[in-house]
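Enquirer: next one to model:
(one chain, ligands or ions: 2)
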Amino acid sequence: MKNTKHRTARTLSHEETLRQSFEKVGLKATHPRLLVLGLLQELDGHHAVDELVEVLTERGTPLPRASVYNAINVCVSHGLVMLADAGPGPALYEASGMWHHHFVCTTCGTIIDIPCLKEEKPCLLPDRVPGQVEEAQIIFRGICNECLSKNTTNTPKTVYNRRGRQKKQT
Ligand SMILES: [Zn+2]
Ligand SMILES: [Zn+2]
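Expert: Ligands and ions are numbered 1, 2, ... in the order given. All right, here's what the predicted structure looks like:
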(Lines give C-alpha, C1' and ligand atoms only; values in the text may rest on other atoms or scores of the structure.)
(Ligands and ions follow the chains in the order given, each with its own letter.)
Protein backbone atom coordinates (compact mmCIF):
# COMPACT_ATOMS: atom_id res chain seq x y z
CA MET A 1 0.00 0.00 0.00
CA LYS A 2 1.21 3.42 -0.90
CA ASN A 3 1.90 5.76 1.91
CA THR A 4 0.01 8.92 1.18
CA LYS A 5 0.78 10.62 4.43
CA HIS A 6 2.09 14.11 3.89
CA ARG A 7 4.57 15.52 6.30
CA THR A 8 4.49 19.19 6.94
CA ALA A 9 7.64 19.93 8.81
CA ARG A 10 6.63 23.30 10.08
CA THR A 11 3.30 22.30 11.57
CA LEU A 12 4.03 19.63 14.11
CA SER A 13 1.00 18.79 16.17
CA HIS A 14 1.10 19.75 19.79
CA GLU A 15 1.31 16.11 20.82
CA GLU A 16 4.17 15.46 18.44
CA THR A 17 6.09 18.40 19.88
CA LEU A 18 5.40 17.07 23.36
CA ARG A 19 6.59 13.59 22.43
CA GLN A 20 9.77 15.11 21.07
CA SER A 21 10.47 16.95 24.32
CA PHE A 22 10.33 13.62 26.14
CA GLU A 23 12.45 11.89 23.52
CA LYS A 24 15.10 14.57 23.78
CA VAL A 25 15.65 13.85 27.46
CA GLY A 26 15.41 10.10 27.02
CA LEU A 27 12.01 9.68 28.63
CA LYS A 28 9.13 7.56 27.48
CA ALA A 29 6.17 9.69 26.49
CA THR A 30 3.59 7.91 28.62
CA HIS A 31 -0.05 8.94 28.70
CA PRO A 32 0.12 10.68 32.11
CA ARG A 33 3.35 12.47 31.22
CA LEU A 34 1.91 13.75 27.96
CA LEU A 35 -1.22 14.95 29.69
CA VAL A 36 0.56 16.63 32.57
CA LEU A 37 3.28 18.40 30.59
CA GLY A 38 0.77 19.37 27.91
CA LEU A 39 -1.50 20.88 30.51
CA LEU A 40 1.28 22.82 32.21
CA GLN A 41 2.38 24.24 28.87
CA GLU A 42 -1.15 25.15 27.97
CA LEU A 43 -2.09 26.72 31.30
CA ASP A 44 1.14 28.66 31.58
CA GLY A 45 2.08 30.06 34.96
CA HIS A 46 2.48 28.21 38.24
CA HIS A 47 0.20 25.40 39.37
CA ALA A 48 -0.20 22.97 42.25
CA VAL A 49 -0.72 19.24 41.70
CA ASP A 50 -4.28 19.46 43.04
CA GLU A 51 -5.13 22.12 40.50
CA LEU A 52 -3.90 19.94 37.65
CA VAL A 53 -5.85 16.95 38.96
CA GLU A 54 -8.96 19.14 39.02
CA VAL A 55 -8.53 20.47 35.48
CA LEU A 56 -7.85 17.00 34.10
CA THR A 57 -11.01 15.72 35.75
CA GLU A 58 -13.05 18.62 34.42
CA ARG A 59 -11.80 17.87 30.93
CA GLY A 60 -12.76 14.24 31.07
CA THR A 61 -9.18 12.99 31.13
CA PRO A 62 -8.86 12.26 34.83
CA LEU A 63 -5.66 10.92 36.35
CA PRO A 64 -5.10 9.76 39.90
CA ARG A 65 -3.25 12.28 42.03
CA ALA A 66 -0.32 9.89 42.44
CA SER A 67 0.06 9.60 38.65
CA VAL A 68 0.08 13.35 38.22
CA TYR A 69 2.59 13.65 41.02
CA ASN A 70 4.84 10.95 39.57
CA ALA A 71 4.67 12.39 36.08
CA ILE A 72 5.58 15.82 37.42
CA ASN A 73 8.49 14.51 39.45
CA VAL A 74 9.96 12.72 36.46
CA CYS A 75 9.55 15.87 34.38
CA VAL A 76 11.21 17.98 37.07
CA SER A 77 14.21 15.66 37.32
CA HIS A 78 14.63 15.81 33.54
CA GLY A 79 14.30 19.57 33.29
CA LEU A 80 10.94 19.62 31.50
CA VAL A 81 9.10 21.07 34.45
CA MET A 82 10.36 23.51 37.02
CA LEU A 83 9.45 23.45 40.68
CA ALA A 84 8.75 27.10 41.34
CA ASP A 85 9.84 28.16 44.78
CA ALA A 86 7.36 30.78 45.88
CA GLY A 87 7.55 30.25 49.60
CA PRO A 88 5.00 28.57 51.90
CA GLY A 89 1.99 26.82 50.42
CA PRO A 90 1.60 23.90 48.02
CA ALA A 91 4.47 23.11 45.66
CA LEU A 92 3.99 24.95 42.38
CA TYR A 93 5.07 23.67 39.01
CA GLU A 94 5.45 25.20 35.60
CA ALA A 95 6.51 24.06 32.17
CA SER A 96 10.09 25.14 32.24
CA GLY A 97 11.74 27.08 29.54
CA MET A 98 14.65 28.76 31.14
CA TRP A 99 15.82 28.71 34.71
CA HIS A 100 14.37 31.77 36.46
CA HIS A 101 13.40 33.30 39.77
CA HIS A 102 10.13 34.58 41.18
CA PHE A 103 8.65 37.74 42.54
CA VAL A 104 5.84 37.10 45.02
CA CYS A 105 3.42 39.92 45.77
CA THR A 106 2.75 40.03 49.49
CA THR A 107 -0.59 41.76 48.86
CA CYS A 108 -2.31 39.69 46.17
CA GLY A 109 -0.11 36.62 46.06
CA THR A 110 0.64 36.92 42.37
CA ILE A 111 3.77 35.13 41.26
CA ILE A 112 5.77 36.82 38.54
CA ASP A 113 8.72 35.28 36.72
CA ILE A 114 12.01 37.08 37.11
CA PRO A 115 14.58 36.23 34.46
CA CYS A 116 17.81 34.74 35.68
CA LEU A 117 20.88 36.49 34.35
CA LYS A 118 22.76 33.24 33.88
CA GLU A 119 19.70 31.33 32.67
CA GLU A 120 20.93 28.11 34.19
CA LYS A 121 21.40 26.69 37.62
CA PRO A 122 23.05 27.25 39.96
CA CYS A 123 23.26 30.89 39.00
CA LEU A 124 24.87 31.95 42.22
CA LEU A 125 26.92 30.38 44.94
CA PRO A 126 27.33 31.19 48.60
CA ASP A 127 30.64 32.59 49.77
CA ARG A 128 31.45 29.39 51.55
CA VAL A 129 30.22 26.33 49.70
CA PRO A 130 29.17 23.64 52.15
CA GLY A 131 28.75 21.00 49.46
CA GLN A 132 27.75 20.67 45.86
CA VAL A 133 25.22 23.40 45.08
CA GLU A 134 22.70 22.28 42.50
CA GLU A 135 20.43 25.26 42.28
CA ALA A 136 19.72 28.67 43.73
CA GLN A 137 16.22 29.99 43.37
CA ILE A 138 15.50 33.43 44.68
CA ILE A 139 12.16 34.70 45.93
CA PHE A 140 11.79 38.44 45.60
CA ARG A 141 8.99 39.62 47.86
CA GLY A 142 7.20 42.91 47.65
CA ILE A 143 4.14 44.62 46.22
CA CYS A 144 3.41 44.14 42.55
CA ASN A 145 2.84 47.11 40.25
CA GLU A 146 -0.86 46.36 39.97
CA CYS A 147 -1.35 46.45 43.74
CA LEU A 148 0.82 49.54 43.99
CA SER A 149 -1.32 51.37 41.45
CA LYS A 150 -4.67 50.51 42.99
CA ASN A 151 -3.81 50.88 46.62
CA THR A 152 -1.81 53.63 48.21
CA THR A 153 -3.64 53.62 51.54
CA ASN A 154 -2.52 50.20 52.67
CA THR A 155 1.01 50.87 53.71
CA PRO A 156 1.76 54.53 53.22
CA LYS A 157 5.42 55.29 52.93
CA THR A 158 4.96 58.79 54.31
CA VAL A 159 2.64 59.82 57.12
CA TYR A 160 0.29 62.71 56.40
CA ASN A 161 -1.72 64.66 58.94
CA ARG A 162 -5.41 65.42 58.41
CA ARG A 163 -4.76 68.59 56.49
CA GLY A 164 -2.73 66.61 54.02
CA ARG A 165 0.49 68.21 54.99
CA GLN A 166 3.45 66.07 55.57
CA LYS A 167 4.26 65.51 59.20
CA LYS A 168 7.57 66.76 60.34
CA GLN A 169 9.85 64.09 61.55
CA THR A 170 11.63 65.12 64.68
ZN1 LIG B 1 -0.10 42.27 43.95
ZN1 LIG C 1 8.05 30.80 37.05
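
Enquirer: I'd say Leu39 and Leu52 touch.
Expert: Yes. Leu39 is within contact range of Leu52, at 5.9 Å (criterion: CB atoms under 8 Å). The way it works is simple: take the backbone N, C-alpha and C, and place the C-beta from them, glycine included.

Enquirer: these two - which one has more neighbours?
Expert: When Leu39 and Leu52 are compared for neighbours, Leu52 comes out ahead with 22 against 19, by other CB atoms under 10 Å.

Enquirer: how about the residue of the chain found nearest ligand 2, what does it touch?
Expert: The nearest approach of the chain to ligand 2 comes at Asp113, 4.1 Å away (CB to the ion). Counting by CB atoms under 8 Å, 6 or more residues apart in numbering, Asp113 makes contact with His100, His101, His102, Phe103.

Enquirer: could you do Leu39 as well?
Expert: Contact analysis of Leu39 by CB under 8 Å, 6+ apart lists Leu52, Val55, Leu56.

Enquirer: and for Tyr93?
Expert: Residues near Tyr93 by CB under 8 Å, 6+ apart: Leu40, His46, His47, Ala48, Val49, Leu52, Ile72, Val76, Val81, Met82, Leu83, Ala84.
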